[in-house]
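S.K.: mind looking at a prediction? Sequence and model below.
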Amino acid sequence: MKHSGFYGIKTANDLLAKAKRDYDKLKSEHSNIDLAFNFFVTIEHMPDWLKMDRQQKKSIKNNSHVLRVCSHLASGIKHFEPFDDYNSVKSTQADSVYEEGIYEESVYDRWLTINLDGDEINKFQKNHVTAVELGEMVISYWDNYINDNNKA
């Protein structure tokens, strides 16, 4: 099969635009696990669409705590749990803003939360980040990377 893209997604810019659409949906539905899944799996493939070799991929992930956490999440999604060399994420959960038992379930505002581990706690300067916060950071990272390198 000749590579001709996927329904109009042919370049790294196209893939980033798809990730941004996924992210916009996730911001609106911040407790939707399916949207978070789609977003993090999509964004994990940016280096491939930028035609980075294995060494380049490793280098940018080693230099970006945001990419390390996203990669850890995507690896965990793909393989049910990440490989042993990932140590950025301790766990994931859907947190409620309100204390259980006080409000009815229908008024709970749940956020998908990523509990950080290892050096990432220091890099983020906190022990957890929401999927929406991480999404904003990784979109910004790739926007800046593409603009700085004109590689899309």
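M.R.: Arrived safely, thanks for sending.

S.K.: what about the residue nearest to residue 20 when sequence neighbours are not counted, which SS state?
M.R.: Spatially, and ignoring its direct neighbours in sequence, residue 20 is nearest to residue 139 (6.1 Å; Cβ to Cβ, 6 or more residues apart in numbering). (Each C-beta comes from the backbone N, C-alpha and C, glycine too.) When classified by DSSP: H, G, I helix; E, B strand; the rest coil, residue 139 comes out as helix.

S.K.: now the strands for the protein?
M.R.: Secondary structure of the chain (DSSP state E): strands at 89-96, 110-116, 128-130.

S.K.: what does the shortest one rub up against?
M.R.: Think strand 128-130. Outside of strand 128-130, the residues that reach it under the criterion Cβ atoms under 8 Å, 6 or more residues apart in numbering are 30, 69, 111-116.

S.K.: quick check: buried residues in stretch 111-124?
M.R.: Of the residues in stretch 111-124, those scored as buried under the neighbour-count criterion (16 or more other Cβ atoms under 10 Å) are 111-114, 116-117, 120-121, 124.

S.K.: may I see the buried residues of stretch 34-53?
M.R.: In stretch 34-53, residues buried by neighbour count (16+ other Cβ under 10 Å) are 35-44, 46-47, 49-50, 52.

S.K.: what do you get for stretch 129-148?
M.R.: When neighbours are counted by 16+ other Cβ under 10 Å, the buried residues of stretch 129-148 are found to be 129-139, 141-142, 145-146.

S.K.: swap in stretch 13-21?
M.R.: Judged by neighbour count using 16+ other Cβ under 10 Å, the buried positions of stretch 13-21 are 14-16, 18-20.

S.K.: now the end-to-end length of stretch 114-124.
M.R.: Stretch 114-124 has an end-to-end distance of 12 Å (criterion: Cα to Cα, to the nearest Å).

S.K.: before we move on, the earlier item: rank the contacts of strand 128-130 by pLDDT and give me only the lowest.
M.R.: For the contacts of strand 128-130, the weakest pLDDT value sits at residue 111, with 75.
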